[in-house]
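Colleague: quick one, what's the 3D model for this:
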Amino acid sequence: MANPHAGEVALVLDGQRHVMKLTLGALAELEAMLESGSLLELVERFESGGYSTRDVLALIVAGLRGGGWQGRAEDLLSVEIEGGPMLAARKAAELLARAFTVPQGTE
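Modeller: Now for the predicted structure:
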């Protein structure tokens, strides 16, 4: 089960559940994967609804790798994502939000 207080989000690929998490290393990898802009600009694109499928894929790959997955972006080209592209985008946005949200009761 994904722990939202630890910034985790679950995603089902080809019927197998994976936990995504944006660790510091995963965030650095994500920033390197972005074609242009910073993480702040990525957050702004998601907040405005102006994100691209490339943004969604980059977030999912970084989150999966932060969760321990050893694959590459190319490995996701033929997988079935439970819920389709819309759920993938929602999970990516949720992952990004959890990475930059401080859980209540902590400082």
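
Colleague: I figured residue 30 hits residue 22, correct?
Modeller: Yes. Residue 30 lies in contact with residue 22 (CB atoms under 8 Å); the separation is 7.0 Å. (Glycine included, C-beta is placed from N, CA and C.)

Colleague: overlap of the contact sets of those two?
Modeller: 59, 62 (CB atoms under 8 Å, 6 or more residues apart in numbering).

Colleague: mind listing the helices for the chain?
Modeller: 24-33, 39-48, 53-66, 84-99 (DSSP state H).

Colleague: who are the packing partners of the second one?
Modeller: For helix 39-48, the packing partners by 3 or more CB pairs under 8 Å, 6 or more residues apart in numbering; DSSP states H and E come out as helix 24-33, helix 53-66, helix 84-99.

Colleague: out of these, which is closest to residue 9?
Modeller: Relative to residue 9, the nearest member of these by CB to CB is helix 84-99, separated by 4.5 Å.

Colleague: could I get the buried residue list for that closest one?
Modeller: Of all the residues in helix 84-99, those buried under the rule 16 or more other CB atoms under 10 Å are 88-89, 91-96, 98-99.

Colleague: next, the contact list for the closest residue in space to residue 62 that isn't next to it in sequence, please.
Modeller: With sequence-adjacent residues excluded and distances taken as CB to CB, 6 or more residues apart in numbering, residue 62 is closest to residue 30, at 3.7 Å. By CB under 8 Å, 6+ apart, residue 30 lies in contact with 22, 39, 42, 58-59, 61-62.

Colleague: swap in residue 63?
Modeller: Each residue near residue 63 by CB under 8 Å, 6+ apart is listed here: 9, 11, 20-22, 26, 92, 95.
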